[in-house]
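1. Sequence and predicted structure below; questions after.
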Amino acid sequence: MFMPDMSDVGPPAKGPGLPERIPEAEPPPVKVRIEHGRSCEMQLELKDAILKEIPEAQIDLVVGEDDAFEIQINGKLIFSKIQLGHYPDMAEMVEITKWGNKGKSFLHLYLCSVAEGGQPNMVITDKKNTPL
């Protein structure tokens, strides 16, 4: 097989009809949706903690069932008190939100959560947020 020497490799071709290379764009700001019960106060603490670390984050607070505390990041259900039986660790949710703000995938977020804590502290769902 013919292997070009390094003198054959140059900058990308330019000219009419050739696509120009576009530098990678920054991912859009992370979108966080926190569904909480009427008497819950933790959502305000979590919102403040996220905005302190990620000022550009877009956070929606939604009143849900009384025992609800669910967190979606970029449309993906990440935490559910109803399914896991406890409230989230605030620092962990802020860290996961930071990774989501950098455009990391749900699988990356999940694996980091398991690697750090040893126990899965996130909810695994399919594309329609149906629990698996």
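-> Okay, I see it. Numbers count the residues shown, from 1 in each chain.
2. Run a quick neighbour tally on N74.
-> Taking other CB atoms under 10 Å as the criterion, the count of residues near N74 is 21. Heads up, the C-betas are built off the backbone N, CA and C, glycines and all.
3. Could I get the phi/psi values of it?
-> Phi and psi for N74, reported as degrees, to the nearest 10, are phi 50, psi 40.
4. I figured E35 hits F69, correct?
-> Yes - in this structure E35 lies within contact range of F69 using CB atoms under 8 Å: 7.2 Å.
5. shared neighbours of these two, anything?
-> Taking CB atoms under 8 Å, 6 or more residues apart in numbering as the contact rule, E35 and F69 have no neighbour in common.
6. Stretch 35-43: which residues count as buried?
-> Applying a neighbour-count criterion of 16 or more other CB atoms under 10 Å, one finds 35-37, 40, 43 buried in stretch 35-43.
7. I should have written stretch 87-94 there, sorry.
-> Using 16+ other CB under 10 Å as the burial criterion, the residues of stretch 87-94 that qualify are 88, 92-94.
8. now, which of the residues you listed sits nearest P29?
-> V94 (15.0 Å; CB to CB).
9. was I right about that closest one contacting A49?
-> Yes - with contact taken as CB under 8 Å, V94 and A49 are classed as touching, separated by 5.1 Å.
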